[in-house]
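**Q** pasting a predicted model and its sequence here:
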Amino acid sequence: MIPPANDTSTPETLELAAELRVAVMRTSRVLRTQATSDVVSPGQNSVLSVLNKRGALTMRQLADIEHVQAPSMTRTVNHLCESGLVARTEHPTDGRLVVVDLTDAGRAVLEESRTLRSAWLASHLDALSPADRAAIRRAAELLMEMSAR
């Protein structure tokens, strides 16, 4: 659960929080579009990422993780299956269920999307001064610390 804003937060801190939220959301949106190829949409790319991280999952598990309804996940998985990026197999212990797993082609598409995102970030970081890159490095460290709590 996310705690509410601290009542003792100063107006400056609240303003910084709002600015940071917008900056992170915009950057995330741009990175999602940079990672999108002609092969997969951002949503499909997200499913590939989940499967890469967690391994084979049922359709219900995927839908729950992605916060979508089962019919929507079925459409997504159908497209990924038709593209050869995921494969469906029978659940090992429950024949009524199907599990979905990443194929080698899916791993390749996922790696390409990561490369595209990193290249976009690197090209923009290259345009910054060394002091600005150091500030962003420190900000990244702090964000990682904050998100780990």
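**A** Now that the structure is in, tell me what you want to look at.
**Q** which residues touch the residue positioned nearest the centre of the chain?
**A** Centroid-nearest residue in the chain, with CA atoms, centre = their mean: Ser46, separated by 5.3 Å. Neighbouring residues of Ser46 by CB atoms under 8 Å, 6 or more residues apart in numbering: Glu66. From N, CA and C alone the C-beta is placed, and that goes for glycine too.
**Q** begin at 7 from here
**A** Understood, numbering begins at 7; the last thing we discussed is Ser52.
**Q** which phi and psi values does it adopt?
**A** Backbone torsions of Ser52, given as degrees, to the nearest 10, read phi -60, psi -40.
**Q** any idea of the pLDDT on it?
**A** In this model, Ser52 is scored at 90, pLDDT.
**Q** then Asp44?
**A** Looking at Asp44, the pLDDT reads 68.
**Q** likewise Thr14?
**A** Thr14 is given a pLDDT of 79.
**Q** how much space between Gly90 and Leu54?
**A** According to CB to CB, to the nearest Å, Gly90 stands 12 Å off from Leu54.
**Q** could you check which of these two is surrounded by more residues?
**A** Legend: neighbour count by other CB atoms under 10 Å for Gly90 and Leu54, higher for Leu54 (24 against 13).
**Q** where does the more buried one fall, phi/psi-wise?
**A** phi -60, psi -40.
**Q** which residues touch the residue lying closest to it once chain neighbours are set aside?
**A** In this structure, Leu54 finds its nearest non-sequential neighbour in Leu116, 4.7 Å apart by CB to CB, 6 or more residues apart in numbering. For Leu116, the contact set (CB under 8 Å, 6+ apart) comprises 51, 54-55, 58, 108.
**Q** does Leu116 lie in a helix or a strand, and which?
**A** Assigned by DSSP states H and E, Leu116 belongs to helix 110-132.
**Q** count the residues that sit near Thr14.
**A** Count around Thr14 with other CB under 10 Å applied: 6.
**Q** assign a three-state SS to it, would you?
**A** Following DSSP: H, G, I helix; E, B strand; the rest coil, the label given to Thr14 is coil.
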